[in-house]
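Student: One predicted model, sequence on top.
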Amino acid sequence: MRISGSTKALSTLLLLAAGALACRLSPSVPQAVTPSSLPPGGQTTTAPQTTRPSTPTPLPPSTHSPTPTAEPTPTLPPVVTIEPMPAPLTLKGPAVLYSGISFAVDPAVGSEVFMRTEPGSRAYVEFFFAPEGYCRDVGCMTIYPVESYREGVRFGADVIDGLHSAVETKSEDYFPAVMAHVLLRAKTRHLRFQNGAGIRAVVMKGQNTVYANNESVVYEFHGLTDDGRYYVAATFPIDAPMLLSACCDPAENTNEAAIPVPEGRDGDGAEAGAVIREYNREAQRQLDALDGSGFTPDLTLLDELVRSLLIAPTEPGPVARGSRGTLQVDIDYRGTWYRETFSYTRQAEHVAHFVLVVPESQVDRATANQVFSSIDFSTAPGTLSTREGREAFAWALAYVNHAPEGCFRGQFEPGTYYVAAAFVAAPLSREEAGQPDDATLYAGMTGGGASTDYWRIEIEPGENFLTLSLTDRDGWACPWLHVYNGHSFEKWTEILRNVRGKENEQTEISPIGPVEIVDGAITLMVAEEKDEVTFIDELYVIVEGIEVRAEAITRAAGRVAERDQDYLIIPSGESYVFRFRLPDALTGRDRAAVSVVVSGFYVPLEACDPSVESDDEPSCRRGGARSMGD
């Protein structure tokens, strides 16, 4: 592997670690593809699927003795060569990234995902949740190029057109079924994933009418990407407490809680069919009334898997695995600030690490700081999304990999890539985060560090190792936001995270949760605590959906009243206080949900020239005083 500093790289240090690497895994680990813990995703008798070629039946021996001159010798059919099934490629959860497809998997659904594509399949990629077995038994998710599915699968065009119409109109009248009937459908719901939308349901499909049972009823999702290029079909086995345990013979049922099968089920065909259909209507009513947590697994976990899905292929299709290079990255934080402020360690429960690996063909779409500053890290690990107003950078989530304890290992096609790293830290307790005991700590994320720029690397076949070192000069910007609680200012969160330089200036919306209302107002302090200068163009809050501007009682409040390029400049060590008087509609409230909206950027002190002042490059002159009355 060849590594070189990008012309964009200003502060990140990359060290080769070919000898001793802190998180190096054994070279004997086979086919380990993206073992990230980040940010999850059929085939029943009815879901779209490919089938393996059957073993050809040998011809029976001939009993005919042909006349040498009368008839030609029969021509035997050509020998059929059966292509062996490729060994599945194992990907580790709870987050999976393969060839531009990413999704998060809850351990209750599976800890490993197996990628395999059967011979002759029209799929782009197929994921299974066990090394072998049918979708309805083990769970699977298949992604097809729309045109391949439309043109190559019987009735494929009907499926794509019907699904597109249902998504556009939010209709629940249509649900895809190929070469089968929908015998039962419950819990129908529209879902969005990272770059698309579709419809899910608890369904039973087939050619023959059978009693609803846990062997046949499955969770299915069908969706299309927003650009119309890819179709996804996912199937997962589920159990419901009121369904028969056996598929075809109610006498084999072992579930005592199942809906009783009525008497008279052994009548003639028409009579028996009517009995079964009425039974299934009752099963559907009970399934619709059942909470998602009443299923096994919980429907919420499957919905979350679907929502986390991002389909952004980086190549025409899966490539031969023999030519891939394995990239292993060790994140080495060498600073002290986050150790002192957050008790940072690589193994800490409240710290998460990420590695961004972008192919050269995509790198001009966004800088590293644009990518990291656009991510909403406040969701649970494995379900990253973009921050409000930054959806244009959602494509980059496919290249963000979770790095447990600062270690990442993934396989890539050899070539040129650009790499950066980040970590985020939450408050040291859920109480500090204002979250319940069962919440993920990242929901209270307040700070972290990140590469501001990329480093360019060449991934070659075989093992490739590198270390990404971060210092206190890297990472999220201060200022810090403090909230007044009636007695003192509480340190709350960082704002303008990783927005370095005027060229990256942006508007950031930061939900900060319920905060104290003191004397009918919310009071915030913005403090610059690092060796950098912050430039704020506009600052206001949204309280319970109502936009509230700072009281114009200070010069600083006037400087941030609107976006006019007249920046409030906050040098290192300075702070400003802003009071937001609440409207009458919120009178009497003690606490309120608040989002802070801020436009601006920051500049490290070493890059800040006080002698320069122009419309394009504001000066680093000192800001205002600390008090509310300046």
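Tutor: Right, received. Where do you want to start?

Student: The nearest residue to residue 172 once chain neighbours are set aside: neighbouring residues, count only.
Tutor: Excluding the flanking residues, the one nearest residue 172 by Cβ to Cβ, 6 or more residues apart in numbering is residue 188, at 4.7 Å. All C-beta atoms are positioned from the backbone trio N, CA, C, and that covers glycine. Counted by other Cβ atoms under 10 Å, the residues lying close to residue 188 total 14.

Student: Repeat that for residue 389.
Tutor: Neighbours of residue 389 (other Cβ under 10 Å): 12.

Student: Over to it. Which of the three states is it?
Tutor: In three-state terms, and counting by DSSP: H, G, I helix; E, B strand; the rest coil, residue 389 is coil.

Student: so the closest residue to it other than its chain neighbours bridges to which residues?
Tutor: Closest residue to residue 389 apart from its sequence neighbours, by Cβ to Cβ, 6+ apart: residue 509 at 5.9 Å. Beta-bridge pairing of residue 509 under DSSP bridges involves residue 597.

Student: how many other residues sit next to residue 509?
Tutor: 14.

Student: check contacts around it.
Tutor: 387, 388, 389, 542, 595, 596, 597 (Cβ atoms under 8 Å, 6 or more residues apart in numbering).

Student: do that again at 10 Å, thanks
Tutor: 376, 387, 388, 389, 390, 542, 595, 596, 597, 598 (Cβ atoms under 10 Å, 6 or more residues apart in numbering).

Student: Relative to residue 448, which of the residues you listed is nearest.
Tutor: residue 376 (12.9 Å; Cβ to Cβ).

Student: I'd guessed the closest one sits against residue 390; true?
Tutor: Yes - the criterion here is Cβ atoms under 10 Å, and residue 376 meets it with residue 390 at 8.3 Å.

Student: Show the model's pLDDT score for the closest residue to residue 166 other than its chain neighbours.
Tutor: Leaving aside its sequence neighbours, residue 166 sits nearest to residue 174 (Cβ to Cβ, 6+ apart; 4.4 Å). If you check residue 174, the pLDDT there is 93.

Student: how close does residue 174 get to residue 533?
Tutor: 57 Å (Cβ to Cβ, to the nearest Å).

Student: likewise residue 138?
Tutor: Counting by Cβ to Cβ, the gap from residue 138 to residue 533 is 56 Å.

Student: So the two - more neighbours on which side?
Tutor: residue 533 (27 against 19).

Student: can you confirm that one is in a strand?
Tutor: Yes - if the criterion is three-state DSSP, then residue 533 is within a strand.

Student: Name whatever forms a beta bridge with it.
Tutor: In beta-bridge terms (that is, DSSP bridges), residue 533 pairs with residue 603.

Student: can you list the domains in the chain?
Tutor: 1-29+319-476, 146-304, 477-630 (automatic domain parsing).

Student: Give me the helix or strand of this structure that scores worst on average pLDDT.
Tutor: strand 13-15 (a mean of 34; mean pLDDT, DSSP states H and E).

Student: After the biggest helix by length in the chain, which helix or strand is next?
Tutor: Criterion DSSP state H: the longest helix present in the chain is helix 269-289. Downstream of helix 269-289, the first helix or strand assigned by DSSP states H and E is helix 299-307.

Student: what helices or strands is the helix or strand containing residue 339 leaning on?
Tutor: Per DSSP H and E: residue 339 is located in helix 337-342. Packing partners of helix 337-342 (3 or more Cβ pairs under 10 Å, 6 or more residues apart in numbering; DSSP states H and E): strand 415-425, strand 447-450.

Student: can you put those in JSON lines and add mean pLDDT?
Tutor: JSON lines is the format used below for those (pLDDT from 0 to 100):
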{"stretch": "strand 415-425", "mean pLDDT": "90"}
{"stretch": "strand 447-450", "mean pLDDT": "72"}
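
Student: for those strands, which one sits closest to residue 144?
Tutor: strand 415-425 (25.7 Å).

Student: List the buried residues of that closest one.
Tutor: The neighbour-count check on strand 415-425 (16 or more other Cβ atoms under 10 Å) flags 417, 418, 419, 420, 421, 422, 423, 424, 425 as buried.

Student: strand partners of it, parallel vs antiparallel please.
Tutor: Strand pairing (DSSP bridges) places strand 415-425 next to strand 351-359 (antiparallel), strand 447-450 (antiparallel), strand 455-459 (antiparallel).

Student: so after the last one, what's the next helix or strand?
Tutor: Past strand 455-459, heading to the C-terminal end, the next element that is a helix or strand (DSSP H and E) is strand 462-470.

Student: quick one: the helices in the stretch 501-630 of the chain?
Tutor: 555-559 (DSSP state H, counting those that start in this stretch).

Student: actually the stretch 51-200 of the chain, not the one I typed
Tutor: 135-138, 146-152, 156-169.

Student: Check the offset of the second one from the chain's centre.
Tutor: Pointing back at helix 146-152 there. 26 Å (Cα atoms, centre = their mean, to the nearest Å).

Student: What helices and strands are in contact with it?
Tutor: By 3+ Cβ pairs under 10 Å, 6+ apart, helix 146-152 packs against strand 140-145, helix 156-169, strand 230-237.

Student: So, low pLDDT: which residues of the stretch 301-450 of the chain?
Tutor: 314-323, 378-383, 427-447 (pLDDT under 70).

Student: What's the mean pLDDT across stretch 566-585?
Tutor: Rounded mean pLDDT across stretch 566-585 is 90.
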